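**Student:** Have a look at this prediction, sequence included:
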Amino acid sequence: MLLAAGIGVRGPVRTAEGRIVAARCYGALATLDPTGVVLVRPGANLTLATLFRSWGEPLSSTQLAAFSAARGQHVRAFIDGRPRRGNPRTIAITNRAEIVLELGPHVPPHHGYTFPPKPAP
């Protein structure tokens, strides 16, 4: 499951090729396409709880959006390919961190995501 485009964005929006290219307003975090990349306003201290609340989807140690854990299972989190224990809601969204949440059978996280180049200052 990837994140939806348009989290943290207020319309009207203009799209091109499935990507939001303009909107009336952008929040402290936003998704512009369904790749799972979250843009975060510099200086904002945000967590996955903030992201899922903005999306309108639940997140807990046993709930991942519309998916619930089977008895005895929990949402597993990986940051940059390394397991992270604890409540996934508390995971900080940091610059270029690759965060993977998993529920159900284990699927090894991919080796990495190639982020677009940083814009020139």
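**Tutor:** That came through fine.
**Student:** Going by C-alpha atoms from here, please, whenever you check contacts or count neighbours.
**Tutor:** Noted.
**Student:** Show the residue spans covered by the strands in this structure.
**Tutor:** 9-16, 19-26, 29-30, 39-40, 63-64, 67-68, 76-79, 82-84, 99-102 (DSSP state E).
**Student:** what does the second one rub up against?
**Tutor:** Just to be clear, that refers to strand 19-26. 5-6, 8-15, 32-34 (Cα atoms under 8 Å, 6 or more residues apart in numbering).
**Student:** where does the protein dip in pLDDT?
**Tutor:** Applying pLDDT under 70 to the chain flags residues 1, 109-111, 117-121.
**Student:** how about CSV for the strands of the chain, with distance to residue 92 and mean neighbour count added?
**Tutor:** Below are the strands of the chain laid out as CSV (distance: least, Cα to Cα, whole Å; neighbours: other Cα atoms under 10 Å):
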stretch, distance to residue 92, mean neighbour count
strand 9-16, 20, 13
strand 19-26, 20, 15
strand 29-30, 12, 21
strand 39-40, 11, 19
strand 63-64, 17, 19
strand 67-68, 22, 16
strand 76-79, 10, 18
strand 82-84, 12, 14
strand 99-102, 10, 18
